[in-house]
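Participant: one predicted model, sequence on top.
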Amino acid sequence: MSDSDRTSGAAESICPFCGVGCGIEYDPSTDGARGWAGPVNTRAEVCPKGVAAWDAVEDPDRLTTPLVREDGELVEATWADALDRIERCFAGIVAADGPDALAFFASSNCTNEENYVLQKLVRLLGTNNVDNCARLCHSSTVAAMRDRLGAGAMTNSLDDVGEADAFLVVGANPAENHPVIFRSYLLPAIRNGTALIVVDPRETATAEAADVHLAVRPGYDIRLLNALGATIVAEDRIDRSFCADRVSGLDEYRTFAAGLDVPAAAADAGVDVGSLREAARTYANADSAAIFSGMGLSQHHYGTANVHALLNLALVTGNLGRRGAGVNPLRGQNNVQGAGDVGALPDLLPGARPVTDDAARAELAAEWDVEGIDLPAEPGLTEVEATHAFGETVRGAFVLGENPAVTEPNATRVADALDSLDCLVVQDLFVTETVEHADVVLPGSAWAERGGTVTNTDRQVLRMRPNTVPPGDARRDLEVLCELGSRLTNEPGAFTYDRPESVFEELTRVTPQYSGMTYDEIGTDSQRWPFQEDAEAGTTVLHEETFATGARHAPLRIVEHVEPADAVDDDDLVLTTGRVIEHFNSGALTRRSDRLVRMAGPQRVQIHPDDAANRGIADDDRITVESERGAVSAIAEVTPAVGRGRVFATFHTADPLVNTLTGDALDPVAKIPEYKHSAVRVRVSGDQ
Ligand code: SF4
């Protein structure tokens with residue numbers, strides 16, 4: 001692999017954390033990171049995580065050499081020994097049980113090129129068992145939007161959302177989780193008169209800025225969204241001309257809406273009916289209204305149905321296919337959009353073409369020069385399905401830069417599942433909670449050590465550039481993946497790339513949405529998909545003339561309420577989980593930053609004062625939180641910000657390991673787990 005991308009000192013790269021895609025680079029004056037004026041953070045603004053992004057890069061605990069497990073202990077090894085061991089173990093599993101006995105976790109934190117090479121390796125091995133953590137955050141959003149609109153991505157762009165007259169933010173907290181979007185795109189519009197409606201069980205930093213805050217009862221989003229739709233229909237606030245021209249199924253939706261009891265639905269959803277009606281009028285009366293959605297909506301075992309109910313609102317009000325409108329999922333990691341775009345999914349090839357599509361597989365095989373090979377046509381296992389199969393039908397796994405021991409639900413089960421594998425390989429920067437279960441550990445590269453591209457939340461493809469090189473014997477992830485590809489498959493010639501750009505050129509040939517892009521023209525700017533080969537630029541607003549399905553019309557869908565998976569007894573509270581501004585996902589990187597850890601303070605479990613008083617709990621008490629799956633000890637934060645009957649915790653830490661409490665009931669379509677509704681009992685530690 002050529003080092004042509006390597007630079008010394010500052011080079012324009014992209015933040016490794018959220019899906020906003022801020023430009024950051026090494027700052028020699030502070031020996032840290034700073035923003036540069038990128039296509040998204042045009043004034044070089046960054047949030048605290050961006051400032052602290054260098055801390056993990058230089059952490060003295062970085063893995064600098066491969067590790068292999070000997071007599072129960074991880075010990076240092078050479079690259080040759082570690083790779084030989086993987087080759088032997090995976091080949092043995094494939095010989096005995098076939099390639100479907102292996103599972104691969106790609107990474108939304110790695111580049112398009114790295115994810116593309118990994119999914120190529122997996123498919124050339126003969127399986128589709130490859131997935132990434134989009135499964136855990138927005139797979140339900142993508143499934144519903146692909147089904148109805150033909151594309152599972154933001155319909156609009158950061159360039160135009162500020163033109164909205166109303167924002168409807170559902171299950172998202174951009175003030176903390178997408179801070180630069182909130183401060184640089186949404187807040188200026190709000191200050192200029194754009195109305196803000198927030199649907200969230202908690203009084204979040206975003207909700208504090210709202211004109212209307214609907215503090216929905218966890219698990220009752222469909223009731224609330226249907227009641228909004230019913231109000232719009234009953235008050236005749238639909239966009240008749242858009243519905244006639246672009247929407248099907250209006251008569252059925254009207255009949256369904258007319259049968260809904262809005263006050264009863266509002267009461268079920270735990271919100272005031274007057275506020276709900278005000279929200280419906282504000283959204284429907286706006287000339288243009290933009291929806292932003294997050295994991296509060298998607299992370300349910302009926303997450304796909306939730307998003308279908310949300311899409312109905314945009315369709316009946318004509319808020320699709322034009323500037324300042326749209327349905328805009330705020331994506332979690334810096335390349336969660338791209339990892340899916342380039343095929344790190346068990347059911348979709350690069351370009352979101354189904355693995356069952358014979359022509360798409362043949363085209364891919366021709367590009368890879370392996371026409372004699374039948375690429376697998378059966379969809380593979382999703383991430384949580386894979387861990388459910390560990391030790392049974394799946395005997396070996398490869399995890400690239402993810403930490404499922406912390407991020408997957410029902411963490412006790414996950415730990416046992418990881419231990420049940422014949423061979424677990426993890427490529428990462430640190431001894432994470434998942435690495436503790438590994439048989440082979442490969443030291444990989446941090447954001448500042450990689451070149452390549454990532455695709456942000458509004459479909460902008462951005463280039464990362466290395467500011468430095470991996471420490472010790474650690475290697476760049478792309479280099480390691482290419483070596484694994486040539487060792488594990490029968491097609492070593494398919495992995496002889498000389499630089500990330502060569503991979504990008506190949507992936508644009510098999511990913512139609514990227515086909516007009518070039519590395520050079522992205523430069524320090526961006527190119528947005530879809531960018532067809534013969535186009536002059538990417539597309540800012542999707543679905544203007546036809547939907548991405550190819551149809552002029554998109555259907556309305558009747559969506560009925562589904563009960564949460566956990567039944568809630570009288571003494572139970574409902575746990576929802578989420579993030580804070582200082583930390584990211586499992587905390588594997590942000591917990592390495594002293595300044596972020598100091599700023600965030602200890603991660604506490606929020607409980608309402610009435611629920612705390614009923615249980616004799618005071619602020620800062622040590623409490624035990626227990627569900628059907630297990631129990632954790634944590635510190636209480638008594639606050640009215642979380643409603644009665646609810647508790648809130650982040651999932652950024654291994655202590656408490658909050659996903660010990662969450663359940664693994666899966667959405668039947670997207671296979672996303674239900675992180676946002678777990679029945680728990682809470683008591684002062686020591687009390688029984
Ligand atoms: Fe920007 Fe997100 Fe990074 Fe903060 S975490 S600097 S908002 S990309």
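Facilitator: Received it, and whenever you're ready, just let me know what you need.
Participant: nearest residue to Asp100 in space, please, no chain neighbours.
Facilitator: Leaving aside its sequence neighbours, Asp100 sits nearest to Thr127 (C-beta to C-beta, 6 or more residues apart in numbering; 4.9 Å). C-beta coordinates here come from the backbone N, C-alpha and C atoms, glycine included.
Participant: quick check, that neighbour in contact with Asp97.
Facilitator: No: the pair Thr127 / Asp97 is not scored as a contact, 10.9 Å apart, by C-beta atoms under 8 Å.
Participant: name the residue of the stretch 101-250 of the chain that lies nearest to the ligand.
Facilitator: Val180 (3.8 Å; C-beta to the nearest ligand atom).
Participant: tell me who's in contact with that residue.
Facilitator: Contact analysis of Val180 by C-beta atoms under 8 Å, 6 or more residues apart in numbering lists 20, 22, 40-41, 45-47.
Participant: give me the element it is part of.
Facilitator: In this structure, Val180 sits in helix 179-181 according to DSSP states H and E.
Participant: just checking, next helix/strand downstream of that helix?
Facilitator: helix 187-191.
Participant: pairing partners for the helix or strand following that next one, with directions?
Facilitator: Per DSSP H and E, helix 187-191 leads on to strand 195-199 as the next helix or strand towards the C-terminus. The strands beside strand 195-199 in its sheet (DSSP bridges) come out as strand 166-170 (parallel), strand 212-214 (parallel).
Participant: kindly list the longest helix within the protein.
Facilitator: helix 79-97 (DSSP state H).
Participant: which of the residues in it are buried?
Facilitator: With burial defined by 16 or more other C-beta atoms under 10 Å, the residues of helix 79-97 counted as buried are 82-83, 85-86, 89-90, 93-94.
Participant: now swap in stretch 680-688 and tell me
Facilitator: 680, 682-683.
Participant: now do stretch 650-667
Facilitator: 650-654, 656-667.
Participant: that stretch: end-to-end distance?
Facilitator: Start and end residues of stretch 650-667 are separated by 22 Å (C-alpha to C-alpha, to the nearest Å).
Participant: near the ligand at all, it?
Facilitator: No: figure legend: stretch 650-667 not in contact with the ligand (C-beta under 6 Å from any ligand atom); closest approach 13.4 Å.
Participant: quick one: mean pLDDT for that stretch?
Facilitator: Averaged across stretch 650-667, the pLDDT comes to 94.
Participant: sorry, back to before: now do the helix holding Val180, average pLDDT.
Facilitator: pLDDT averaged over helix 179-181 gives 97.
Participant: tell me the secondary structure at Gly550.
Facilitator: coil (DSSP: H, G, I helix; E, B strand; the rest coil).
Participant: secondary structure element for the closest residue to the ligand within the stretch 451-600 of the chain?
Facilitator: Of the residues in the stretch 451-600 of the chain, the one nearest the ligand is Phe584, at a distance of 6.9 Å by C-beta to the nearest ligand atom. In the assignment (DSSP H and E), Phe584 maps to no helix and no strand.
Participant: contact partners for the residue in the chain that the ligand sits nearest to?
Facilitator: Going by C-beta to the nearest ligand atom, the ligand is nearest to Gly50 of the chain, at 2.6 Å. Gly50 is in contact with 15, 17, 22, 24, 33, 35, counting by C-beta under 8 Å, 6+ apart.
Participant: next helix or strand past the helix or strand that contains it?
Facilitator: Using DSSP H and E, Gly50 sits within helix 48-51. Downstream of helix 48-51, the next assigned helix or strand under DSSP H and E is helix 53-57.
Participant: neighbouring contacts of that next one?
Facilitator: The contact list for helix 53-57, computed with C-beta under 8 Å, 6+ apart, reads 15-17, 24, 26-27, 31-33, 429-430, 446-449, 468, 589-590, 592-596.
Participant: now a PyMOL select for only the buried ones of those.
Facilitator: The buried residues among these can be selected in PyMOL (16+ other C-beta under 10 Å) with this line:
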select buried, resi 15+16+17+24+26+27+32+33+429+430+446+447+448+449+468+589+590+592+593+596
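Participant: now for the contacts of Val180, which pair is the farthest apart?
Facilitator: Val40 and Cys47 (12.0 Å; C-beta to C-beta).
Participant: quick one: contacts for the residue nearest to Asp473 when sequence neighbours are not counted?
Facilitator: Setting aside the residues directly before and after it, Asp473 is nearest to Thr65 in space (C-beta to C-beta, 6+ apart), at 4.7 Å. Residues counted as contacts of Thr65 (C-beta under 8 Å, 6+ apart) are 76-77, 443, 472-474.
Participant: top of the residues you listed by number of neighbours, please.
Facilitator: Within the contacts of Thr65, most neighbours by other C-beta atoms under 10 Å means Pro443, with 24 neighbours.
Participant: please look at that residue and Arg62 and confirm they touch.
Facilitator: Yes: assessed by C-beta under 8 Å, Pro443 is found in contact with Arg62 at 7.4 Å.
Participant: need the overlap of contacts for those two.
Facilitator: Contacts common to Pro443 and Arg62, judged by C-beta under 8 Å, 6+ apart, are 429, 472, 474.
Participant: quick one, grab the pLDDT at the first one.
Facilitator: Put plainly, it is Leu429. 97.
Participant: cheers, nothing more for now.
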